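# Provide a 3D model corresponding to the input given below.
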Amino acid sequence: MKYLLLLCSFAAFAQKSIAPLIQSSEAIKGKAEFLHTPFVTAGDKLYLVGHQDGTFPPLGWHVKDEMGGIWAHPIKLWDGFTAAYTVGGKHVVLDRANQFINHPFANEHLYEGADIQVRRFQFVPDGKAAVYVEYVLENKTNQTQEIQFSMEAVSNLRPVWLGERTGMEDGADELVYENNQVLTKDAKNQWFAVMGASHNAISNVMEGGKKKNTALVRTSYTLQIPAHSHQSISFVFSGSSVSKEAAIGTNSDVLANGFVYAQAKKERYEKLAFQSEIQLSDPQLTQAMRWLKFNADWLINDVDGIGRGITAGMPDYPWFFGGDMTYSLQGLISSGRKDVAYSTIDLIAKLSEKTNGNGRIVHEVSSNGSVFNPGNVNETPQFASLIYKVYCWTGDQAFLEKYFPLVEKGLEWLMQQDKDHNLIPNGNGMMEIHGLDSEMIDVAAYSAKAFLDASKMASELGRADLARQYAANYEAIRLKINSDFWVPSANSFADFRGTKAQAFTLTKEAIERAKGLKNDWAVEELQALEKKIAADPDTSIRGFVLHHNWVVNTPMETGLADSEKASQALKTAEKFRNKFGMYVTGIDRSANSEKAESYAAKVGKSEFTYTGTVMTLPTGVQVISENKYGHPNQAYDLVQRMLRTFSFALPGSIYEVSPDYGMMTQAWNSFAFEVPVIQQFFGIQPLAYKKEIHIQPSWPDSLSSGSIKQVKIGDNLMAISYARKAHKSTYILQQKKNWTIYFSPKTETYKRWVLNGEIVKPKMIDGRPGLRLKGWKHHLVLID
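Model prediction:
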């Protein structure tokens, strides 16, 4: 149905432009060659995903071609919008921005024009299911210009991925226009989308969309712009999966208070930047560390009836993951995001108990609460270690008491997965390769670490017998990892332990994979392994190095590997990386890997795949592993490899797959950077429940100075500054005088220690020379 409604023209209501607020914030300009790639305007109740050129093409694969547009989970609201203007008989469609500029809390598109220049700004207010979009039109001529401005928007009220599991059925979108608002309702649901404007429309046209169940609206407005002046027009796109009143009310509220909400969000982001604020002699790493905090905030999703938590990545994983969370929150707890850690843990814990009820932690949950995977084996022990890490940073006894029963139950479930009673659980770990479901190295490493951490938590709760049992399990698994998983001929820990038959089948499949990637070196290596397996009469369960998956480095990440084995394994791992970091699967390494550039350009528009990829997660694990075993220079080299992908495609962000493929922003990047920099280079390892802060700095030679301040640990705040000159100088500040600081450099020894101007003799702390410090301010000079 198509009809036309003419309205009287009214003057725009008084409003403040958000443009100056946005333009006065930090900015990173995009590259022209990546205008055809995605960006996100993020909020905790709604987000917008489009391309940097301002368009909204089909995007994503989870719900094929539907992951872009405007989403207020668990529903999509709008496919997108396109503005245009007519002046002097010339019609200009604003569908190809010349430049994209990203800001921490908002973004900007520039459309160049000889007479009229247009800038588009947008942001999502905190706690509001609405996006505020402002166009600023600048008249570059010497005459007043009368402009006919139009907005075309396509509604697409539809359910999220797995919506059918909870009875979400898409209906046709029905449009009405009233009170200067376009209101769309899904015919089968109480789902609503609204578009409101700061100016009254002079006309509107509504009709069915090109895609099934969608609808299109086109509204027009008249603007008068004096010579060498500018005027703005604003739109708000909102929605609700609950009621018409909520959708309309939010739209009116945000339209009327856009400036106030933008100012509040800007101020909140400035506060985010001040939390665990880092300054390094490496300016690019300094900038990346700041933007990683912004990236994480972009990924927070607050879904009514489900919970609030950090999601995995945009645009195809805007929901909740147990495993991803256990990595991401390790970093975020040290950058001041206790709030995100608590809410995400609570969400995952509740969903896991509702779904499994036996301590098993879920793997993946859509935003409608539908669980896609009830949990791989690795997530449950990782959850236990996450609880301990958060407890170390907060010292919150109530937090520990709340979640330890789930930890205890989870470890009991974990041991039920041990099929041959050798303390190594069986089942899928992080590597989602068909057939890798026996005894996996990452499951073993994370299980050992979980028992170690759980033993410490049990001790804190006065459960000495349980603590001893857990500690014994830890030691037994650690020994098995260093004996049963170690493959001397490969100088590597095994990908898995399994039977000859399993290894033979997996090798054949790996050969086909390597052939598909044209990796001749891998084909040759695997064919030799195939022959060796076939000729070997041994049919017992044992370790195999086959894929060179990144998880073989988890014994070093967790600090479980014997030093000599760690040294050999880390050296072996150097073979499986390119200029951006570590391969997910080592046999995917290309012969010309160091020449790698744009992965997206190489893949083109083929089916989405993770085969052949380099990722920040395995690289982050490798960074942490190098630091754990006293190799900060090697760790820093890997950080620099990841850093090459910062702002590579999306300004201010780091892609999931390096340098520019998969998710345009990814939560576990916090783990890959914040754990190495904050917890290892600066060496901040708190035990807040004991009112202790252990500082074990491990500085790479390439960093001549660094500082971090406003680090929140329990009810304490601390700051550290470091400078390398003729000697090494460290300042340590803390707010609470009664906390104890244990300072012990991780990688170096010194001839003379000078504390607050006096020569002191270090004592042994954690097996290294160090000092026990009391008070709130210390200046330490270390002389070689």
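# For the most centrally placed residue in the chain, give its distance to Gly323.
Central residue of the chain (Cα atoms, centre = their mean): Ala667, 1.0 Å from the mean position. According to Cβ to Cβ, to the nearest Å, Ala667 stands 11 Å off from Gly323. (C-beta placed from N, C-alpha, C; glycine too.)
# returning to that earlier point: model confidence score at the residue nearest to the centre of the chain, please.
Per-residue confidence (pLDDT) for Ala667: 98.
# what does Asp170 give?
On pLDDT, Asp170 comes in at 97.
# which SS class is it?
coil (DSSP: H, G, I helix; E, B strand; the rest coil).
# Let me know the secondary structure of the nearest residue to it once chain neighbours are set aside.
Spatial nearest neighbour of Asp170, excluding adjacent residues (Cβ to Cβ, 6 or more residues apart in numbering): Arg158 at 4.6 Å. Put simply, Arg158 is strand when judged by three-state DSSP.
# What is the neighbour count of Arg158?
Using other Cβ atoms under 10 Å, Arg158 has 26 other residues around it.
# Check the offset of the helix or strand containing Leu570 from the chain's centre.
Here Leu570 sits within helix 563-573, counting by DSSP states H and E. In terms of Cα atoms, centre = their mean, to the nearest Å, the centre of helix 563-573 is set 29 Å apart from its chain centre.
# With stretch 364-379 instead?
Relative to its chain's centre, stretch 364-379 lies at 17 Å (Cα atoms, centre = their mean).
# Pull out the buried positions in that stretch.
By neighbour count on 16 or more other Cβ atoms under 10 Å, the buried set for stretch 364-379 is 364-371, 373-379.
# on that earlier part again, so after the helix holding Leu570, what's the next helix or strand?
Toward the C-terminus from helix 563-573 - assigned by DSSP H and E - lies strand 577-578.
# neighbouring contacts of the helix or strand that that next one is followed by?
Per DSSP H and E, strand 577-578 leads on to strand 581-582 as the next helix or strand towards the C-terminus. Identification of contacts with strand 581-582 by Cβ atoms under 8 Å, 6 or more residues apart in numbering yields 550, 573, 576, 614-616, 618-619, 621-622, 638, 641-642, 645, 658.
# who are the neighbours in contact with the nearest residue to Arg752 once chain neighbours are set aside?
Once flanking residues are discounted, Arg752 sits nearest to Ile783: 4.2 Å by Cβ to Cβ, 6+ apart. By Cβ under 8 Å, 6+ apart, the contact list for Ile783 reads 727-728, 750-754.
# Could you report the neighbour count for the closest residue to Gly43 other than its chain neighbours?
Spatial nearest neighbour of Gly43, excluding adjacent residues (Cβ to Cβ, 6+ apart): Val124 at 2.8 Å. Residues contacting Val124 under the criterion other Cβ under 10 Å number 29.
# Distance-wise, check Val614 relative to Gln330.
For Val614 relative to Gln330 (Cβ to Cβ), the value is 21 Å.
# between the two, which one's more packed in?
Neighbour comparison, Val614 and Gln330: the larger count goes to Val614, with 29 against 24 (by other Cβ under 10 Å).
# Test my guess that that one contacts Val584.
Yes. Counting by Cβ atoms under 8 Å, Val614 touches Val584, with 7.2 Å between them.
# Where do the helices of the stretch 301-450 of the chain begin and end?
For the stretch 301-450 of the chain, applying DSSP state H, counting those that start in this stretch gives helices covering 322-332, 338-355, 379-394, 397-416, 441-460.
# Format those as JSON lines; extra columns: mean pLDDT.
Listed next are those as JSON lines, based on pLDDT from 0 to 100:
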{"stretch": "helix 322-332", "mean pLDDT": "98"}
{"stretch": "helix 338-355", "mean pLDDT": "98"}
{"stretch": "helix 379-394", "mean pLDDT": "98"}
{"stretch": "helix 397-416", "mean pLDDT": "98"}
{"stretch": "helix 441-460", "mean pLDDT": "98"}
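# Mind checking those helices for the one nearest to Ile22?
Of all these, helix 338-355 sits nearest to Ile22, with 24.1 Å by Cβ to Cβ.
# Who are the packing partners of that closest one?
With contacts defined as 3 or more Cβ pairs under 8 Å, 6 or more residues apart in numbering; DSSP states H and E, helix 338-355 has these neighbours: strand 307-310, strand 320-321, helix 322-332, helix 379-394, helix 397-416.
# Counting neighbours, which bits of that helix end up buried?
338, 340-349, 351-353, 355.
# which one among those residues gets closest to Ala32?
Nearest to Ala32 among the buried residues of helix 338-355, counting by Cβ to Cβ, is Val340 at 34.6 Å.
# what's near enough to touch that closest one?
Contacts of Val340 (Cβ under 8 Å, 6+ apart): 296, 300, 309-310, 329, 332.
# Repeat the analysis, applying 6 Å as the threshold.
310, 332 (Cβ atoms under 6 Å, 6 or more residues apart in numbering).
# Over to Leu280?
So Leu280 contacts 286, 703, 706 (Cβ under 6 Å, 6+ apart).
# Make sure Phe105 is actually in contact with Tyr269.
Yes. Between Phe105 and Tyr269 a contact is recorded at 4.6 Å, counting by Cβ atoms under 6 Å.
# And stretch 643-654, how far out from the chain middle?
Mean-position distance between stretch 643-654 and its chain equals 13 Å (Cα atoms, centre = their mean).
# swap that for stretch 84-99, sorry
36 Å.
# can you list contacts of it?
53-55, 82-83, 109-112, 118, 145, 147-150.
# In it, which residues are buried?
In stretch 84-99, counting by 16+ other Cβ under 10 Å, buried: 84-85, 87, 92, 94, 97, 99.
# Which of the residues you listed fall within strands?
84-85, 87, 92, 94, 99 (DSSP state E).
# So which of those residues is the closest to Ala472?
Relative to Ala472, and with distances defined as Cβ to Cβ, the nearest of these is Gln99, at 61.4 Å.
# thinking again about what came up before, from the contacts of stretch 84-99, which would you call buried?
For those, a burial check counting by 16+ other Cβ under 10 Å picks out 53-55, 82-83, 109, 111, 118, 145, 147, 149-150.
# For Val254, state which of the residues you listed is nearest.
Looking across the buried ones among the contacts of stretch 84-99 and measuring by Cβ to Cβ, the closest to Val254 is Ala83, at 18.3 Å.
# ok, now how distant is the residue lying closest to the closest one once chain neighbours are set aside from Leu255?
Residue nearest to Ala83 in three dimensions, not counting chain neighbours: Leu94, with 4.6 Å by Cβ to Cβ, 6+ apart. Distance, Leu94 to Leu255, by Cβ to Cβ: 20 Å.
# ok, how many other residues are close to Met206?
21.
# before we move on, the earlier item: just send the buried residues of stretch 84-99 back as TSV, with pLDDT and distance to Ser203 too.
Below are the buried residues of stretch 84-99 laid out as TSV (pLDDT from 0 to 100; distance: Cβ to Cβ, whole Å):
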residue	pLDDT	distance to Ser203
Ala84	98	14
Tyr85	97	15
Val87	95	17
Val92	96	19
Leu94	97	19
Ala97	97	26
Gln99	98	31
